[in-house]
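*Asks:* everything below, folded, please.
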Amino acid sequence: MTRDWSELPSVNSLWEATAEPARAFPVLSGEQQADVVIIGAGYTGLSAAHHIAKDGLSPIVLEANRPGWGASGRNGGVITAKFRLSFREVDAAHGRAMAKRMYEIAHESTDMVEELVSEFGITSANLTRTGQVKAAHNETTLKTAIGEADWMTREMGSAEVRILDKHGVRDETGSDMFVGGVLNPGSGGIHPLNYLRGLANGVASRGVPIFQESPVVRLLKESGGIVAETPQGAVRAKQAIVATNSYSDLTGATAQMQRTLIPFRSAIIATEQLPRNVAGRLMPTGRTYTETKRMMRWFRMVDNRVIFGGRGAFGKQDSQAAFDALRKAMVGIFGDLADVPLEYKWSGLVAMTMDSVPHIGRLDDRTLVSMGYNGAGVAMSSLMGRYLAAFVRGETPEVGLLDVRRMKPIPLYPLREPAVRMVAGWYQFLDAIGQ
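*Replies:* Residues are numbered from 1 along each chain as shown. Reported below is the predicted structural model:
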């Protein structure tokens, strides 16, 4: 396949516009040796490189574009201790012990972000742990959210979860559109691209080679190891980690992983900076927020701008229709923003899985993988780097439902895109009629 890897499309995001300058990493040329070759310089790959190097082994990281070009630089910067599958659902389907283990992993993931920010002194990441509010748009969804919160308090010991009435949510958001909600205090926000670049700079400063514009076009087994070939070089290693997530189809070397993922395009808009009197009325506590509709929207305030995102974009590139739908939803919640221009809009791919949880582990004796974060990957992917390092050491960490052996291929894979459109359209219809 012939492709100019230096000219993959850029991302017109708030994060790109406000990030620390990107460090220029070299392109792989010639042959290199390593204990572990890591494909993908996102949160998963860089965290894995960091933890593997701490064990005294030598990792090399290969990135098809530049660190942070994929999901790690495009996401909303929301940090949550959860999975798309609720802990209550885990308990019902798999038992209390599994639910508690998944709860432990989720909370370990948010702590990992804080640990890495501290380890590398990434102050520009602007990490906060002020919590997240799930805002209910009707009494039915509020009842469900309260029931989930009560169960979490009773069964998981989440004593800090708080129920908010309509006035409490209005004080939190500045909007009268919600009937109540639930506050989860352990969540937070971050500048995702500064976090990523801080990880890359920190890992590189400790001697880990990172190569950009070095896509792995072939991954071959050889006696006693594995070879990752790029257009201009190769890395010979004992083990390989595939950390490409929704961008696994950039090359044929990792494209088979895409058959286990449902790519769902997520779009984000950001307003221009608001006057202080307007900004002061909206989201004054600095938390992150989600709503309870099926086509879930989320929002947060960053540097006196409202950032508003959600699922529902389609196709390979940015979608004006998706941005228009987000703006309409944003103005529906925050009427004060009706005449406020948007300054940034961008999108990226979310990797959904059949069972709504990520997966990690060994594909074979030389290849490991971690991906499928289902839209909650900032914290979880950071943690998975530590678990990957344990697998590299020959350990078998207890990862609960995340075990890669549970990962299922997508049925009727060629029909995945029209199926996503059909389901999303149905959800949008139900949301529109208030169901």
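*Asks:* buried stuff in the longest helix anywhere in the chain?
*Replies:* For the chain, the helix with the greatest residue count under DSSP state H is helix 96-120. Neighbour counts using 16 or more other CB atoms under 10 Å place 99-103, 105-110, 112-114, 116-117, 120 of helix 96-120 among the buried residues. The C-beta positions use only the backbone N, C-alpha and C, and glycine is treated the same way.
*Asks:* swap in stretch 21-39?
*Replies:* 22, 25, 28, 32, 34, 35, 36, 37, 38, 39.
*Asks:* which helix or which strand is home to the third one?
*Replies:* Taking DSSP states H and E as the definition, one finds residue 28 inside no helix or strand.
*Asks:* the chain: helices as residue ranges?
*Replies:* Ranges of helices within the chain are 14-18, 43-54, 71-74, 87-94, 96-120, 139-151, 166-173, 192-205, 276-279, 320-333, 377-392, 416-432, based on DSSP H.
*Asks:* what helices or strands is the fourth one leaning on?
*Replies:* On a contact count with 3 or more CB pairs under 8 Å, 6 or more residues apart in numbering; DSSP states H and E, helix 87-94 meets helix 96-120.
*Asks:* next one: the helix it packs on to chain centre, how far?
*Replies:* Counting by CA atoms, centre = their mean, to the nearest Å, helix 96-120 is centred 14 Å from the centre of its parent chain.
*Asks:* also stretch 341-351?
*Replies:* 14 Å.
*Asks:* for the nearest residue to residue 146 once chain neighbours are set aside, name its beta-bridge partners.
*Replies:* Spatially, and ignoring its direct neighbours in sequence, residue 146 is nearest to residue 163 (5.7 Å; CB to CB, 6 or more residues apart in numbering). Residue 163 forms beta bridges with residue 182, as assigned by DSSP bridges.
*Asks:* was I right to think residue 174 contacts residue 287?
*Replies:* No - judged on CB atoms under 8 Å, residue 174 makes no contact with residue 287 at a distance of 12.0 Å.
*Asks:* please report how far the residue of the chain most remote from its centre lies from residue 113.
*Replies:* Residue distances from the centre of the chain (CA atoms, centre = their mean) peak at residue 223, which lies 35.7 Å from the mean C-alpha position. Going from residue 223 to residue 113 by CB to CB, to the nearest Å gives 40 Å.
*Asks:* next: residue 247.
*Replies:* Going from residue 247 to residue 113 by CB to CB gives 21 Å.
*Asks:* now do residue 350
*Replies:* Counting by CB to CB, the gap from residue 350 to residue 113 is 19 Å.
*Asks:* kindly report the same for residue 182.
*Replies:* For residue 182 relative to residue 113 (CB to CB), the value is 22 Å.
*Asks:* what's the residue nearest the centre of the chain in contact with, if anything?
*Replies:* The centroid of the chain falls nearest to residue 377 when counting by CA atoms, centre = their mean (2.8 Å). With contact set as CB atoms under 8 Å, 6 or more residues apart in numbering, residue 377 has these partners: 43, 71, 75, 245, 351, 358.
*Asks:* now, of these, which are buried?
*Replies:* The neighbour-count test (16+ other CB under 10 Å) marks 43, 71, 75, 245, 351, 358 as buried among the contacts of residue 377.
*Asks:* and the least confident of the residues you listed?
*Replies:* Lowest pLDDT of those: residue 351, 89.
*Asks:* surely it meets residue 261?
*Replies:* Yes - using CB under 8 Å, residue 351 makes contact with residue 261 at a distance of 4.5 Å.
*Asks:* and for those two, which residues touch both?
*Replies:* 245, 246, 371, 372.
*Asks:* hang on, isn't the first one packed against residue 375?
*Replies:* Spelled out, it's residue 245. No - counting by CB under 8 Å, residue 245 sits too far from residue 375 to count as a contact (11.3 Å).
*Asks:* before we move on, back to that, reformat the buried ones among the contacts of residue 377 as CSV; add distance to residue 385.
*Replies:* Formatted as CSV, the buried ones among the contacts of residue 377 follow (distance: CB to CB, whole Å):
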residue, distance to residue 385
43, 7
71, 15
75, 16
245, 13
351, 16
358, 12
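*Asks:* please identify which pair of those lies farthest apart.
*Replies:* 75 and 358 (14.3 Å; CB to CB).
*Asks:* how much space between the residue nearest to residue 404 when sequence neighbours are not counted and residue 226?
*Replies:* Spatial nearest neighbour of residue 404, chain neighbours left out: residue 361 (3.3 Å); criterion: CB to CB, 6+ apart. Remark: distance between residue 361 and residue 226 (CB to CB) = 16 Å.
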